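Chemist: The sequence isn't on hand, but the structure is:
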Ligand SMILES: [Zn+2]
């Protein structure tokens, strides 16, 4: 696995959505690679900020859910 592979999959890695093998391969690469670590640091900080925002302001989720419900009522199937 090279740096490009790691950076491409970094978001999925941070979300924990990869297979165990891939999670482990990326974790090992990040621990050893000076090129990738700054990416990891930035994206983790970004996700932490998003998570903090969600905790403080649950409202946007409700708005989104209502919008989706309206769209479904209006006949947009599969949304
Ligand atoms: Zn790397």
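Modeler: All right, it came through fine. The model shown is predicted, which means the values in this text are computed figures rather than measured ones. Numbering: from 1, shown residues only.
Chemist: pLDDT on the helix or strand in which residue 55 is found, on average?
Modeler: For residue 55, the host element (DSSP states H and E) is helix 37-56. Helix 37-56 carries an average pLDDT of 76.
Chemist: list the buried ones in it?
Modeler: residue 40 (16 or more other CB atoms under 10 Å). In this view, the C-beta of every residue, glycine as well, is placed from N, C-alpha and C.
Chemist: Might you calculate how far that helix sits from the centre of the chain?
Modeler: 9 Å (CA atoms, centre = their mean, to the nearest Å).
Chemist: Without its sequence neighbours, what residue ends up closest to residue 33?
Modeler: Counting by CB to CB, 6 or more residues apart in numbering, residue 33 lies nearest to residue 3, which is 6.4 Å off, once chain neighbours are set aside.
Chemist: Would you check how far apart the one you found and residue 74 are?
Modeler: Using CB to CB, to the nearest Å, we find residue 3 at a distance of 45 Å from residue 74.
Chemist: One more: residue 31?
Modeler: 50 Å.
Chemist: and the residue nearest to residue 33, what does it touch?
Modeler: By CB atoms under 8 Å, 6 or more residues apart in numbering, residue 3 lies in contact with 29, 33, 35-36.
Chemist: Same question for residue 1.
Modeler: Counted by CB under 8 Å, 6+ apart, residue 1 has contacts 25-26, 29.
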